[in-house]
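Chemist: Below are the sequence and a predicted model for it; my questions follow.
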Amino acid sequence: MRIVTMPEPETPPELRAGAEALREQAWPGGGPHDPALRPVAMLLVAPDGGVRAALDILSKEITHGGRTYRASGLSAVVTDTAHRGRGHGRQLVAAAREVIAASGADVGLFTCDRPLRPFYESAGWQALPGAVLIGGTPQDPFPSDQPGFDKVTMGAFFTARACADAGAGAFEQSRIELYPGEIDRLW
């Protein structure tokens, strides 16, 4: 298995089709990401060329607690249903954390369904107790704690400043204004 990482628009058509087929398994009818979020595709590719797992990294600057951070997060994480339980997803999610760290991001932030928390923790991410990501736009917010959602916010802190702020509890028990827009309402 090999991990392929590249800007989403540069993904070769055969790999893009494989990733889209996986996403269709989990989220039928989903579409492409907002180009303003600089999507990066990460794919776990088998020797036969088949895509076994896929995710996207989305990035933007956010302001939280009066400070600006370069933030990235995981989106559309999926493993082929026929190949689950073999560690493919964990391998890709852990590699994504390293890619984000190497990108110069201050923080990594995303939400996941509550039952997936141990999976993401096993790949190096940490739960941020009481943290709520607010997606959408300032005019049309989309919070991760809205009725009917059972989400947990996951994070990682990469720069010294972000680590100090996280250690001081700046991200826990807080509402984090992500505002990725109308296309990617919540990454």
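Modeler: Noted; the coordinates are in hand. Residues are numbered from 1 along each chain as shown.

Chemist: those strands in the chain, which residues are they?
Modeler: For the chain, the strands defined by DSSP state E occupy 2-7, 40-45, 51-64, 67-79, 107-113, 126-127, 132-136, 141-143, 151-157, 175-177.

Chemist: Just tell me which of those ends up closest to residue 89.
Modeler: strand 67-79 (4.1 Å; C-beta to C-beta). (Each C-beta comes from the backbone N, C-alpha and C, glycine too.)

Chemist: So which bits of the closest one are buried?
Modeler: Within strand 67-79, the residues that count as buried by 16 or more other C-beta atoms under 10 Å are 69, 70, 71, 72, 73, 74, 75, 76, 77, 78, 79.

Chemist: got the CA coordinates for it in CSV?
Modeler: The C-alpha trace of strand 67-79 is given here as CSV (Å, rounded to 0.1, in the frame of the first residue of the first chain):
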residue,chain,number,x,y,z
ARG,A,67,-5.6,35.1,17.9
THR,A,68,-5.2,34.0,14.3
TYR,A,69,-4.3,30.4,13.6
ARG,A,70,-3.5,28.5,10.4
ALA,A,71,-6.1,25.7,10.7
SER,A,72,-6.5,22.4,8.8
GLY,A,73,-8.9,19.6,9.3
LEU,A,74,-10.0,16.2,8.0
SER,A,75,-13.0,15.8,5.8
ALA,A,76,-14.7,12.9,4.0
VAL,A,77,-12.7,10.2,5.8
VAL,A,78,-13.7,6.9,4.4
THR,A,79,-12.5,3.3,4.0
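
Chemist: Contact partners for the spatially most central residue of the chain?
Modeler: With distances taken as C-alpha atoms, centre = their mean, residue 74 lies nearest the centre of the chain, 0.8 Å away. Residue 74 sits next to 55, 56, 57, 93, 96, 108, 110, 187 when contact means C-beta atoms under 8 Å, 6 or more residues apart in numbering.

Chemist: you'd agree residue 121 is up against residue 127?
Modeler: Yes - using C-beta atoms under 8 Å, residue 121 is in contact with residue 127, at 6.7 Å.

Chemist: shared neighbours of the two, anything?
Modeler: Residues touching both residue 121 and residue 127 comprise residue 154, with contact defined as C-beta under 8 Å, 6+ apart.

Chemist: Those two - which one has more neighbours?
Modeler: Legend: neighbour count by other C-beta atoms under 10 Å for residue 121 and residue 127, higher for residue 127 (17 against 13).

Chemist: what bridges to that one?
Modeler: residue 154 (DSSP bridges).

Chemist: got the strands of the chain as TSV, with distance to residue 23 and mean pLDDT columns?
Modeler: Listed next are these as TSV, based on distance: least, C-beta to C-beta, whole Å; pLDDT from 0 to 100:
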stretch	distance to residue 23	mean pLDDT
strand 2-7	16	96
strand 40-45	11	97
strand 51-64	7	97
strand 67-79	5	96
strand 107-113	16	97
strand 126-127	25	96
strand 132-136	18	96
strand 141-143	20	96
strand 151-157	19	97
strand 175-177	25	97
